[in-house]
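1. Got a sequence here, can you build the structure:
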Amino acid sequence: MGPVRIGIHTGLQHVSFADVQALWRDAEAAGIDWISVWDHFYPAAVGDVDGPNLEAVSCHAALAASTSRARVGCLVYSAGYRHPAVLANAAATIDHISEGRLEFGIGAGWLQTEYDAYGIPFESPGTRIRRLDEAVQVIRSLWTEPATDFDGEFYTLRGARCEPKPVQSPARIWIGGSGKSKMLPLVGRRADGWNAPFQAPESWAQQWDVVREHASAAGRDPDTIAAAVNLGLALGPDDSAVERKRGDLPAQYGPIAGFLEPGILVCTPDEAVERCSTYIDAGADWLVFAMRPPFDREAFDLLVDEVLPHLPRATEPGSGGT
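-> You can find the predicted model right below:
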């Protein structure tokens with residue numbers, strides 16, 4: 001079981017900025033290696049359109065300015081919401097704000113309610129993945145080349161520039177998602193890191209094998225791709241508390257709570273150590289724990305005090321490889 005780095009992924013729905021910022025700072029003080037935000041305009045639960053939801057790019061920048069050590073990320077920006085050149089420039093600036101701690105995640109997008117409400121075309125899965133592929137190519141070129149010319153199905157650039165470049169050279173691009181026929185092959189070809197949310201250990205391991213196979217087929221070393229799993233966090237100190245936490249899941253995840261539960265740690269700390277070890281043995285070098293408002297501070301404290309000390313932790317947050 002190799003060393004692992006630990007993150008938290010903070011939801012931005014139904015929460016004040018002061019509360020989410022306080023969690024960021026407490027996480028960094030507790031030695032968490034990674035803190036990230038999501039990219040949604042509405043609360044990220046199917047059918048939930050009421051209530052506040054803080055915007056991703058501005059919160060990502062605020063996260064960078066509110067911390068000093070942890071990696072700062074987004075899991076994941078939707079390729080359909082912004083032109084990739086806009087994202088490339090914003091992310092490069094965030095890397096400067098954070099002094100080189102950016103973790104940039106991007107995906108195909110999935111919450112159709114937001115697309116429909118804002119008049120953004122919700123394309124077929126295959127089209128969204130092709131758009132994502134081009135977005136990754138555009139962003140990487142803008143970050144690494146003096147000027148970018150690009151002719152694609154979705155994007156055309158002529159002498160496009162992104163200055164300043166990120167502090168990191170290169171900055172890492174994560175692709176988030178699953179799907180063996182289209183998404184995972186794209187990860188294998190293009191990504192520096194892969195993240196899959198709410199996966200049972202066996203499912204995650206199978207998908208990671210697919211990513212590695214496609215990386216090898218593309219002439220890449222699979223060991224250069226970072227691997228993360230995003231897990232829900234509902235720890236309780238005993239079985240009675242765990243059952244109470246299970247009953248509370250719909251307040252955080254809405255009607256899809258039952259569907260997501262295989263990827264949520266609804267258990268005691270001892271059981272969580274065993275479960276986390278399974279992901280690590282399968283190849284995960286980042287474990288990122290999702291915290292959706294209302295934030296479960298008891299579960300966070302149990303994670304820090306009774307789970308993490310029993311996992312093989314990497315000594316530094318790190319920016320490249322694993």
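
2. ok, the nearest residue to residue 192 once chain neighbours are set aside - how many residues close by?
-> Once flanking residues are discounted, residue 192 sits nearest to residue 172: 4.2 Å by CB to CB, 6 or more residues apart in numbering. (Each C-beta comes from the backbone N, C-alpha and C, glycine too.) Counted with other CB atoms under 10 Å, residues neighbouring residue 172 total 21.

3. go on, residue 23?
-> 18.

4. Give me the helices and strands touching the helix or strand containing it, please.
-> Here residue 23 sits within helix 17-29, counting by DSSP states H and E. Under the contact criterion of 3 or more CB pairs under 8 Å, 6 or more residues apart in numbering; DSSP states H and E, helix 17-29 touches strand 5-10, strand 34-37, helix 56-66, helix 297-302.

5. And for residue 141, nearest residue in space, chain neighbours not counted?
-> Once flanking residues are discounted, residue 141 sits nearest to residue 148: 4.3 Å by CB to CB, 6+ apart.

6. who's the one you found bridged to?
-> For residue 148, the beta-bridge partners are residue 160 (DSSP bridges).

7. ok, back up a step: pLDDT score assigned to the residue nearest to residue 192?
-> In this prediction, residue 172 carries a pLDDT score of 97.

8. any idea how far residue 218 is from it?
-> Distance from residue 172 to residue 218, counting by CB to CB, to the nearest Å: 17 Å.

9. Please, where are all the strands along the stretch 201-322 of the chain?
-> 226-233, 264-265, 286-291 (DSSP state E, counting those that start in this stretch).

10. So which of those strands is nearest residue 302?
-> Each of these has some distance to residue 302 by CB to CB; the shortest is strand 226-233, at 8.9 Å.

11. Report the inter-axis angle for the closest one versus strand 5-10.
-> Angle of strand 226-233 versus strand 5-10, following axes from the mean of the first three to the mean of the last three CA atoms, to 10 degrees, is 50 degrees.

12. What strands flank strand 226-233, and is each parallel or antiparallel?
-> Using DSSP bridges, the strands paired with strand 226-233 are strand 193-197 (parallel), strand 264-265 (parallel), strand 286-291 (parallel).

13. nearest to residue 35, of these?
-> strand 286-291 (9.3 Å).

14. Could you check the angle the closest one makes with helix 17-29?
-> 150 degrees.

15. CA atoms only: put strand 286-291 into PDB for me.
-> Extracted C-alpha coordinates of strand 286-291, given in PDB (Å, rounded to 0.1, in the frame of the first residue of the first chain):
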ATOM      1  CA  TRP A 286      -5.200  10.800  -3.900                       C
ATOM      2  CA  LEU A 287      -8.300  10.300  -1.600                       C
ATOM      3  CA  VAL A 288     -10.600  13.400  -1.900                       C
ATOM      4  CA  PHE A 289     -13.500  13.500   0.600                       C
ATOM      5  CA  ALA A 290     -16.600  15.400  -0.600                       C
ATOM      6  CA  MET A 291     -18.200  17.700   2.000                       C
END
